[in-house]
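>>> Let's see this in three dimensions:
(one chain, ligands or ions: 1)
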Amino acid sequence: MAVPDGFHGRVLNTDVRKPPHNIWLRAALAFTAVAALVSLYLLGVELTGVMPRCLFRDITGWSCPGCGSQRALHALLEGDLTEAWSYNYMIPFTLAYVAICGMHWILPYSTHIGKIYRCLTTPRALYVLLGAVIAWTVARNMLGI
Ligand SMILES: [Zn+2]
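Numbers count the residues shown, from 1 in each chain. Just a heads-up that it's a prediction; the model follows:
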């Protein structure tokens, strides 16, 4: 529904229920990006047998919050969930967070996904996430996991 704003005679679009026209385009872009990254990663690792090293670990000798993620993703792509979990315990939570953010990007008008997305991206939630990442980093280096 278009409503004149009464000030400059502009027309405002107030119909927030209108679905976006580019849902399929966004889904295709997301799928293509993920497929390209997975293909490049698998091709690179399978052909060379080399995984990029962690710069933080090389410099400090400590594990960063993401250490083990490459091996975990590789194990996930091969369908081994237990092995993936053993490489980095934050992987399931990280993937869930990224999936929700990606789904919100693809379906911005979905009320269910929108509610979850808004809960996960409040300043308080982001501080909790930052605290969890710091706690995970400290714990994994103290416990050697
Ligand atoms: Zn690392």
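
>>> ok, which stretches of the chain are helices?
23-48, 55-60, 69-77, 81-87, 91-106, 111-120, 123-143 (DSSP state H).

>>> tilt between the first one and helix 69-77?
What it means is helix 23-48. Per axes from the mean of the first three to the mean of the last three CA atoms, to 10 degrees, the angle that helix 23-48 makes with helix 69-77 is 110 degrees.

>>> and stretch 34-53, is it in reach of the ion?
No - shown here: stretch 34-53 not in contact with the ion (CB under 5 Å from the ion), separated by at least 8.5 Å. In this view, the C-beta of every residue, glycine as well, is placed from N, C-alpha and C.

>>> what does stretch 70-82 give?
No - using CB under 5 Å from the ion, stretch 70-82 never reaches the ion; the gap is at least 9.1 Å.

>>> can you pull the pLDDT of the residue nearest the centre of the chain?
Note on the chain: the residue nearest the mean C-alpha position is V98, at 2.0 Å, using CA atoms, centre = their mean. On the pLDDT scale, V98 is placed at 92.
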